[in-house]
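Peer 1: got a structure for you, letters missing:
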C-alpha cells in the first residue's frame with residue numbers, strides 16, 4: 001500500500017502537476033482581478049461578485065484536480081508494478 005502511495009505522489013512530480021496547477025490558478029486569479037478592476041460602482045459590485053468568483057474558481061480547480069489525480073493513479077500503479085510491489 002505504501003508503494004502505491006509513493007508511486008502516486010512521485011507521479012505528480014513526474015507529470016508536472018504542481019506547476020500546471022499553479023499556472024491554472026494564476027490564470028483564474030488574473031481573470032478575477034481584471035473583472036474586479038472594471039467595477040464601475042467603486043467596490044459595491046465587487047463585494048457581490050467575489051463569493052461567486054471564488055466558487056467558480058474552486059469548481060474549475062476541482063475538475064482539473066480529478067483529472068490529474070486519475071493520471072497520477074495510473075502512473076503510480078505502473079511505477080509500483082515495475083518496482084515489483
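Peer 2: That came through, no problem. Small disclaimer: the values here were computed from a predicted structure and weren't measured.
Peer 1: Which residue ranges of the chain form helices?
Peer 2: 2-15, 17-37, 44-82 (DSSP state H).
Peer 1: just checking, which of those comes out with the lowest mean pLDDT?
Peer 2: The minimum mean pLDDT among the helices of the chain belongs to helix 17-37 (a mean of 82).
Peer 1: Spatially, what comes nearest to residue 71 if we skip its sequence neighbours?
Peer 2: Nearest non-adjacent residue to residue 71, counting by CB to CB, 6 or more residues apart in numbering: residue 15, 5.9 Å away. Heads up, the C-betas are built off the backbone N, CA and C, glycines and all.
Peer 1: Same check on residue 64?
Peer 2: residue 24 (5.8 Å).
Peer 1: burial count for the residue nearest to residue 71?
Peer 2: 15 (other CB atoms under 10 Å).
Peer 1: Distance of it relative to residue 8?
Peer 2: Per CB to CB, to the nearest Å, residue 15 is found 11 Å from residue 8.
Peer 1: And residue 71, by the same measure?
Peer 2: Residue 71 is 10 Å from residue 8, by CB to CB.
Peer 1: now swap in residue 27 and tell me
Peer 2: For residue 27, the distance to residue 8 equals 26 Å [CB to CB].
Peer 1: And residue 28, by the same measure?
Peer 2: For residue 28 relative to residue 8 (CB to CB), the value is 25 Å.
Peer 1: ok so, going back, list residues touching both of residue 15 and residue 8?
Peer 2: Taking CB atoms under 8 Å, 6 or more residues apart in numbering as the contact rule, residue 15 and residue 8 both touch residue 72.
Peer 1: Look up the closest residue to residue 3, ignoring the ones flanking it.
Peer 2: residue 85 (3.6 Å).
Peer 1: Can you get me a residue count around that neighbour?
Peer 2: Count around residue 85 with other CB under 10 Å applied: 13.
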